[in-house]
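Colleague: One predicted model, sequence on top.
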Amino acid sequence: MDTLILQEKLEALRRCVRRIEERRADSAGELGKDLDRQDIVTLNLTRAVQLCVDMAVHVIAESEQMAPQTMGEAFEGLAKLGLISEALSLRMKAAVGFRNIAIHQYQSIDWDIVHAITWKGLEDFRNFARAMATLTDNGPNTSV
């Protein structure tokens, strides 16, 4: 497995999470009124999800598992390999659903949900990053 690819994607994920933390709003109402903040947060959330999918697919490609047919299946594959928990797999699959809405149906985004993700959902990205970091030379202490 090319650990350099994982390290680069982990660094990009770190930047996305940091940017979300810098620009998240104190309330959903505040987020709903600030178009620039909406764009920055949504873009970085969708990027973070995509980076996690990319890492999952990269890891699975090096295993004996069948290639995932969907983005969500990539997280199921990591759970089957014992690299992430089933619970984290389910939450990451839900994040893919958010990504799809954000990319394909931007006008129908529920800013209350986005606000909650920016305050409560970032830990999922951190947990995912820790799991991927165990596969690199940097080990599990690589933080996001």
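Modeller: That came in fine, so what should we check first? Residues are numbered from 1 along each chain as shown.
Colleague: need the contact list for the residue nearest the centre of the chain.
Modeller: For the chain, the residue sitting closest to the mean C-alpha position, by Cα atoms, centre = their mean, is Val49 at 3.2 Å. Val49 makes contact with 92, 95-96, 98-99, according to Cβ atoms under 8 Å, 6 or more residues apart in numbering. No exception for glycine: its C-beta is placed from N, CA and C like everyone else's.
Colleague: check which helix or strand covers it.
Modeller: When secondary structure is defined using DSSP states H and E, the element that contains Val49 is helix 35-61.
Colleague: Quick check: next helix or strand after that helix?
Modeller: As assigned by DSSP H and E, the chain's next helix or strand after helix 35-61 is helix 71-80.
Colleague: Pull out the buried positions in that following helix.
Modeller: Buried residues in helix 71-80, counted by 16 or more other Cβ atoms under 10 Å: 71-79.
Colleague: can you list those residues in a markdown table and add pLDDT?
Modeller: Rendered in a markdown table, the data for the buried residues of helix 71-80 read as follows (pLDDT from 0 to 100):
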| residue | pLDDT |
| --- | --- |
| Met71 | 93 |
| Gly72 | 92 |
| Glu73 | 95 |
| Ala74 | 96 |
| Phe75 | 97 |
| Glu76 | 96 |
| Gly77 | 96 |
| Leu78 | 96 |
| Ala79 | 96 |
